[in-house]
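In: need coordinates for the below:
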Amino acid sequence: MIAVIATMPGGDGEVAAVRNKQVIFRDYVTGFPKESDMQVAESSIQLKVPEAEDYNNGILFKNLYLSCDPYMRNRMRPAIPGAYVDSFVPGSPLSGYGVAKVLDSRHPDYKKGDLVWGFTGWEEYTLLKSPLVLFKIPDTNVPLSYYTGILGMPGMTAYVGFYEICSPKKGEYVFVSAASGAVGQLVGQFAKLLGCYVVGSAGSKEKVDLLKNKFGFDEAFNYKEEPDLDAALKRCFPEGIDIYFENVGGKMLDAVLLNMRVRGRIAACGMISQYNLGQPEGVHNLMHIILKRIRIEGFIVSDSYHLYPKFLEMILPKIKEGKIAYVEDTAEGLESGPAALVGLFAGRNVGKQVALKKYVTGSPKESDLQIITSSIKLKVPEGTKDAVLVKNLYLSCDPYMRWKMSKSDSFPAFELGKAITGNGVVKVLDSTHPNYQKGDLAWGITGWEEYSLIVSPVLIKLDKSDLPLSYYTGILGMPGMTAYAGFYELCSPKKGEYVYVSAASGAVGQLVGQFAKISGCYVVGSAGSKDKVDLLKNKFRFDEAFNYKEEPDLNAALKRYFPEGIDIYYENVGGKMLDAVLLNMRVRGRIAVCGMISQYNLEKPEGVHNLTSTIGKRLRMEGFLAGDFYHLYPKFVEMITPHLKEGKIVYVEDVAEGLENGPASLIGLFSGQNIGKKLVAVARD
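Out: Model prediction:
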C-alpha cells in the first residue's frame, strides 16, 4: 500500500491549475516487472470537475492511499481476448484500488468531502467522468488505509471466495496458498473463526511465523523450502484437503489436486506464479477432478459487490473486538510507488550496514559482503503503523545465512546492496506497534546494521534477567530453541539411549549434547579440530568425541563409537556424514534434521545413497525450523534458566566487536573458525 501525499493549494477565487504527480506506465512488460517499467512524472490539473456534458457524473478525487495488488501484473501486458482486466495504457498513469477524498462532484451519489474507496488513478488527483467501482466509507473508527485491504477489494475477495464459493463447514481442512498476502491472511482467519483446521504457505520464514503467531493458522510452511510440494501437503494434511483457496497455480495446484478429498472445493482467486511466465506451466493432475468429484470455481470479486454491506456487518465487529488481525506494509509518497508495486514491500533501513555485494557460488568470501553507510532519523516515519525503530546490540552468525547468499528456488535470498538480516538482540528506540514501547529489549529478526526500522516485527520481548544479553543470540535465542525443539519435541529421548551430534561444538550442537546428558543418554559428538573435540569432552561433558577430518571411513568411526547403533542423530552436516549415520541407526531411530552445512557451498548437493535404511529400520527423519516451535519459548526458558544458573549447562561464545568485523565473522563460520556461538557485538547498550 502507498500513502499518497498531496498538498492542497490555498486561496479563493478562480480555480488555478496545480501540480499532479503521477506514476506513468512506460510500456508492456515481459518477464518480471522492474521499477524502470514505470516513471514518476508531473502534469497539471484544475481542482474542479469540468462543466462539459460528458462529465455529468464526473468526480474529482484527492488520493490518500493506493493498493499494490498482484492482479496488476496482468495489466502490464498487451490485452488478451477474454481477459478479466484491461491492460494499462503505455504513457498513461497506472490505475487500481485506492482510498480517496472527494474534492468536487457532479455525481448525484457523491458530494465534496466524502471519503470513498474504489478504482482510481496512481496519481495525486484523479478526475473520472464516471466512477467504475466506488463505495462511500461508512466507518472511520478504523484506519482509512484498511479500505485498501481488509475492508476493501482484498477483504471482499477473501469473503466471497471462502464463504460464497467454498461453502465451508466446521471441522473441514483448509489450505491457503500465498497465505500472508492481503487476501490469504483473511481467508485463514475466516476459516479459524468457523472452526476449520487451516494451513497456509508463504515464501519466507518471517511470513510463516506471521501466519502461525499473528494470524492463528494451525500450521504453515515455506514453499521455497519444500522440494516436494505433494509431500509437504501430505505432511500437513494426512487426511486430505476439503477447501483450497488458490492464489498461486502451477506446481502448487498440481500438488493440491493430488491431496484433495472427495467433493473438495477450490476457489480460484489468482495464479501469481504464472504471471511472469511467457508460457504458463501445464497442470498435469486434473484427472483428480473427476475421480474425487472436485469443484474448481474461478471468480471475480466485482461480481459480488452487492454483498458489501453484508460483508461489513460481519467483519467490522470482529476487527474492533480484535478477533481478526491485519498487517499492512506502507510506502510513503507516490514516488515510492514503482518500488512498492514491484517489490510489494516497502521500508528503507539505513545507517552503517553489512550488505551482500554479489550472489555467491561455492565458498563465500569477505569480499562478497560490504560495509555501507547512510543516515537515519531515530523515529518511526509518520503514518507507519505497527513498526519499531531499534538499536541493534548483538547479531547472530548462523549457518542458514549461507543459503540466503545465493539465488535459489528453495530459499529467499538476501537483496543485493541492502542490509542482510538475521537474528539479533535489539533495544526499541521508537514504536508505533502496540506490543512494543520505547526502552524494550527484545530478540528476533533484524538487520545487520546499527539501527533498523522493522514493520510488523517478529520479536520476542526479554524479561528482566541477570543473564548476559548476548545469550539471546544463542542459548536463550534461536539456537537454543533449535536445540530444544529438535531434541525434545522431534526426538522424544529416553534415558539410556545412544545419541550422536554432528557439528557438535557449534551454537546448537553444544546444547543438544548437554540436553542429552541431562536426560541420561550416552552422547558422542563430531567436530573439525582437536581443540573442538577437547571442548566437547572436557567442557560440555560429551561421553566421546572425534575429529571427522581425521576419519578416512566415517562408517567405521561410527561403528567404533556406537557398536550397538544410534538411537538419535541430531543432523547438522548432511552428505557423507548422513550416509554413514543411516547405516548405523538402530530400529525406530529418530533423526532431527536441523542443518546440512557440508552442502551449503556446493553448486549441486551430494547424493545420499542409504535412504532405504529408513524403511527397514523404520526410521523417522524429520526436518524442522525453530520458528515452528516459538510458542514453546516460555516452557524452554523455564527449563533452561535454572540449569544455566546452577552450572549444569555451560555455553561458549565467540564474540567479534563492532559491525565492521561482521563480514569476517560470518564468513569464518563457514570454514569452521569459530569455537562455540559466533556473534557480533554492535553496541553493548
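In: give me the three-state assignment for the residue nearest to the spatial centre of the chain.
Out: For the chain, the residue nearest the mean C-alpha position is Lys207 (2.4 Å; CA atoms, centre = their mean). Look at Lys207: counting by DSSP: H, G, I helix; E, B strand; the rest coil, its state is helix.
In: mind checking how far the closest residue in space to it that isn't next to it in sequence is from Phe217?
Out: Using CB to CB, 6 or more residues apart in numbering and skipping the chain neighbours, the partner closest in space to Lys207 is Ser180 (4.0 Å). C-betas here are computed from N, CA, C, even on glycine. For Ser180, the distance to Phe217 equals 10 Å [CB to CB, to the nearest Å].
In: shared neighbours of these two, anything?
Out: Residues touching both Ser180 and Phe217 (CB atoms under 8 Å, 6 or more residues apart in numbering) are 200, 211.
In: all helices of the stretch 551-685 of the chain, in order?
Out: 554-561, 575-584, 613-616, 633-645, 662-670 (DSSP state H, counting those that start in this stretch).
In: Glu449: which of those helices is closest?
Out: Nearest to Glu449 among the helices of the stretch 551-685 of the chain is helix 662-670; the distance by CB to CB comes to 9.6 Å.
In: list the buried residues for that closest one?
Out: 662-663, 665-670 (16 or more other CB atoms under 10 Å).
In: can you list the helices of the stretch 551-685 of the chain in JSON lines and add distance to Gln274 and mean pLDDT?
Out: Shown next, in JSON lines, are the helices of the stretch 551-685 of the chain (distance: least, CB to CB, whole Å; pLDDT from 0 to 100):
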{"stretch": "helix 554-561", "distance to Gln274": "45", "mean pLDDT": "97"}
{"stretch": "helix 575-584", "distance to Gln274": "35", "mean pLDDT": "94"}
{"stretch": "helix 613-616", "distance to Gln274": "35", "mean pLDDT": "88"}
{"stretch": "helix 633-645", "distance to Gln274": "39", "mean pLDDT": "90"}
{"stretch": "helix 662-670", "distance to Gln274": "36", "mean pLDDT": "80"}
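In: out of those, which is closest to Leu429?
Out: helix 662-670 (20.7 Å).
In: so His297, which of the three states?
Out: I think there's a mix-up here, since residue 297 is Glu and not His. Criterion first, three-state DSSP; result for Glu297: strand.
In: what segments of the stretch 351-500 of the chain are helices?
Out: Counting by DSSP H, counting those that start in this stretch, the helices of the stretch 351-500 of the chain are 478-484.
In: what ranges do the strands span in it?
Out: For the stretch 351-500 of the chain, strands defined by DSSP state E, counting those that start in this stretch occupy the ranges 353-356, 369-372, 387-396, 421-431, 441-447, 451-455, 459-461, 498-501.
In: each with direction, which strands does the fourth one pair with?
Out: What that stands for is strand 421-431. strand 387-396 (antiparallel), strand 441-447 (antiparallel) (DSSP bridges).
In: would you turn those into CSV with distance to Lys323?
Out: Output for those, formatted as CSV (distance: least, CB to CB, whole Å):
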stretch, distance to Lys323
strand 387-396, 23
strand 441-447, 25
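In: want to throw the ones you listed into JSON lines with mean neighbour count and distance to Ala339?
Out: JSON lines is the format used below for the strands paired with strand 421-431 (neighbours: other CB atoms under 10 Å; distance: least, CB to CB, whole Å):
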{"stretch": "strand 387-396", "mean neighbour count": "24", "distance to Ala339": "17"}
{"stretch": "strand 441-447", "mean neighbour count": "23", "distance to Ala339": "18"}
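In: could those strands be laid out in TSV, adding mean pLDDT?
Out: TSV is the format used below for those (pLDDT from 0 to 100):
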stretch	mean pLDDT
strand 387-396	92
strand 441-447	91
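In: Lys365: neighbour count?
Out: Residues lying near Lys365 (other CB atoms under 10 Å) number 12.
In: with Met72 as the reference, measure out to it.
Out: Distance, Lys365 to Met72, using CB to CB: 39 Å.
In: pLDDT weak spots in the stretch 351-500 of the chain?
Out: For the stretch 351-500 of the chain, the stretches flagged by pLDDT under 70 are 351-352, 374, 409-410.
In: the stretch 51-200 of the chain: strands as residue ranges?
Out: 59-66, 95-105, 115-121, 125-128, 134-136, 173-176, 197-202.
In: which of those strands sits most buried?
Out: strand 173-176 (a mean of 29; mean count of other CB atoms under 10 Å).
In: run through who's touching that strand.
Out: Outside strand 173-176, the residues that reach it (CB under 8 Å, 6+ apart) are 168, 184, 187-188, 191, 196-201, 217, 233, 236-237, 239-245, 247, 256, 261.
In: related to what we said a few turns ago, wait, isn't the residue nearest to Lys207 in contact with Ala202?
Out: Yes. With contact defined as CB atoms under 8 Å, Ser180 reaches Ala202; the gap is 4.3 Å.
In: picking up where we left off before, in TSV: the strands of the stretch 351-500 of the chain, plus distance to Tyr326.
Out: Shown next, in TSV, are the strands of the stretch 351-500 of the chain (distance: least, CB to CB, whole Å):
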stretch	distance to Tyr326
strand 353-356	30
strand 369-372	34
strand 387-396	15
strand 421-431	18
strand 441-447	20
strand 451-455	13
strand 459-461	19
strand 498-501	42
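In: out of those strands, which gets nearest to Asn56?
Out: Nearest of those (CB to CB): strand 451-455, 43.3 Å.
In: which neighbours do Ser180 and Ala202 have in common?
Out: Residues touching both Ser180 and Ala202 (CB under 8 Å, 6+ apart): 208, 210-211.
In: quick check, nearest of those residues to Glu313?
Out: Of these, the one sitting nearest to Glu313 (CB to CB) turns out to be Leu211, at 26.7 Å.
In: circling back: select, out of the helices of the stretch 551-685 of the chain, the one closest to Ser67.
Out: Closest among these, using CB to CB: helix 633-645, at 35.0 Å.
In: hmm, who's touching that closest one?
Out: Counting by CB under 8 Å, 6+ apart, 460, 465, 467, 471, 475-476, 480-481, 484, 518, 648-649, 651 sit against helix 633-645.
In: buried ones in that helix?
Out: For helix 633-645, by 16+ other CB under 10 Å, it's 633, 636-637, 640-641, 644.
In: and for stretch 309-316?
Out: Neighbour counts using 16+ other CB under 10 Å place 311-312, 315-316 of stretch 309-316 among the buried residues.
In: now distance to Lys427 too, for these, in CSV please.
Out: What follows is the buried residues of stretch 309-316, written out as CSV (distance: CB to CB, whole Å):
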residue, distance to Lys427
Phe311, 42
Leu312, 41
Ile315, 37
Leu316, 37
